[in-house]
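Colleague: the following comprises the amino acid sequence and a computationally predicted model.
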Amino acid sequence: MLKLISATPSPYARKVRIALAEKDIPFELITEVPWDSTTQTPRHNPLEKLPVLIFEDGSSAYESRYILEVIEAKWPEPALVPADPWERLAARKVEVIADGICDACVLLFWERHRAPEQQSAEWIARQRRKVDGGLRALAETAGRREWVVGERFGLADIVTGTVLRYLDVRFPEHPWRSQYPNLVALSARLEARPSFAGSVPVPQVISDKVV
Ligand SMILES: N[C@@H](CCC(=O)N[C@@H](CS(=O)(=O)O)C(=O)NCC(=O)O)C(=O)O
């Protein structure tokens, strides 16, 4: 059985969970805390990050963008990336923006885990600018269209939906809902899909000291 190492808050893992669900690919979900010493992630990814997709032969794929490319190659229908090369590149650019917002949120999250006197205001401001700028770019790209790129649901919608819901977990005070009504409507439509409803992110308890 295909296995996916995931974590309850992970937007990167949620991308993969949604893609597998949208393609009706059965898999075993392994939920863990990659920050704790109990993690099995390093056994399957030398970079020690989840998500990790583990195939029946024990080989593994890691880095969510790469995992999604592997899934698209192994199980091409229904396609989640546009056939048109330029539309495909537009969808990949949306993934770059969405992943970049998530990356900035992760850096913010750990900076805020440091003792107050050790936290860098400049570093926090820098990450906050990336979140704000990325959201602005997503809102401009999405406009008021039904789907973020092209004429059907796909990768650009998956990554946009996952980063928006991730903000509720890691950056709940961010005012994106008042800033971008088009993203609020898009998020509501996407969250109604069974693949989204079955993978709603929630915080996790981290037992070990990380920073
Ligand atoms: N670029 C990676 C990022 C993955 C990532 O940062 N995963 C986190 C968990 S979560 O933030 O997604 O919940 C992790 O495993 N971090 C462990 C570590 O960085 O050592 C991807 O897209 O897969």
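Modeller: Thanks, I have the structure now.
Colleague: for this structure, longest helix please?
Modeller: As far as residue count goes, and with DSSP state H defining each element, the longest helix of the chain is helix 85-111.
Colleague: mind listing what's buried along that helix?
Modeller: Judged by neighbour count (16 or more other CB atoms under 10 Å), helix 85-111 contains these buried residues: 87-88, 90-92, 94-95, 97-109, 111. Just so you know, the C-beta spots here come from the backbone N, C-alpha and C atoms, and that holds for glycine as well.
Colleague: are we agreed that D36 is in a strand?
Modeller: No: D36 is assigned coil when assessed by DSSP: H, G, I helix; E, B strand; the rest coil, not a strand.
Colleague: report pLDDT for it.
Modeller: Among the per-residue scores, D36 shows a pLDDT of 96.
Colleague: ok, it touching V205?
Modeller: No: contact status for D36 versus V205: not in contact, 9.0 Å apart, counting by CB atoms under 8 Å.
Colleague: which strands and helices sit next to the helix or strand hosting R165?
Modeller: When secondary structure is defined by DSSP states H and E, R165 falls within helix 155-170. Contacts of helix 155-170 with other secondary structure elements, assessed using 3 or more CB pairs under 8 Å, 6 or more residues apart in numbering; DSSP states H and E, are made with helix 11-22, helix 85-111, helix 121-142, helix 181-191.
Colleague: tell me the angle of the first one relative to helix 155-170?
Modeller: With axes from the mean of the first three to the mean of the last three CA atoms, to 10 degrees as the basis, helix 11-22 and helix 155-170 are set at 130 degrees to each other.
Colleague: which residues sit against helix 11-22?
Modeller: Helix 11-22 is contacted from outside by 2, 4-7, 27, 29, 49-51, 53, 64, 67-68, 71-72, 78, 80, 98-99, 102, 153, 155, 158-159, 161-163, 165-166, 193-196, 198-199, 201, using CB atoms under 8 Å, 6 or more residues apart in numbering.
Colleague: which of the residues you listed fall in helices?
Modeller: The subset of the contacts of helix 11-22 located in helices under the criterion DSSP H comprises 64, 67-68, 71-72, 98-99, 102, 155, 158-159, 161-163, 165-166, 194-196.
Colleague: filter the residues you listed to the buried ones?
Modeller: Among the ones in helices among the contacts of helix 11-22, those buried by neighbour count (16+ other CB under 10 Å) are 64, 67-68, 71-72, 98-99, 102, 155, 158-159, 161-163, 165-166, 195-196.
Colleague: OK, contacts around D99?
Modeller: Neighbouring residues of D99 by CB under 8 Å, 6+ apart: 12, 64-65, 159, 163.
Colleague: now, which of those residues sits nearest V131?
Modeller: Each of the contacts of D99 was scored against V131 by CB to CB, and V163 proved nearest at 9.2 Å.
Colleague: would you confirm that the closest one contacts A98?
Modeller: Yes: counting by CB under 8 Å, V163 does reach A98; the two are 4.3 Å apart.
Colleague: around the ligand, which positions in this protein sit nearby?
Modeller: In this structure, the chain approaches the ligand at residues 7, 9-10, 12-13, 34, 48-51, 63-64, 99, 106, judged by CB under 6 Å from any ligand atom.
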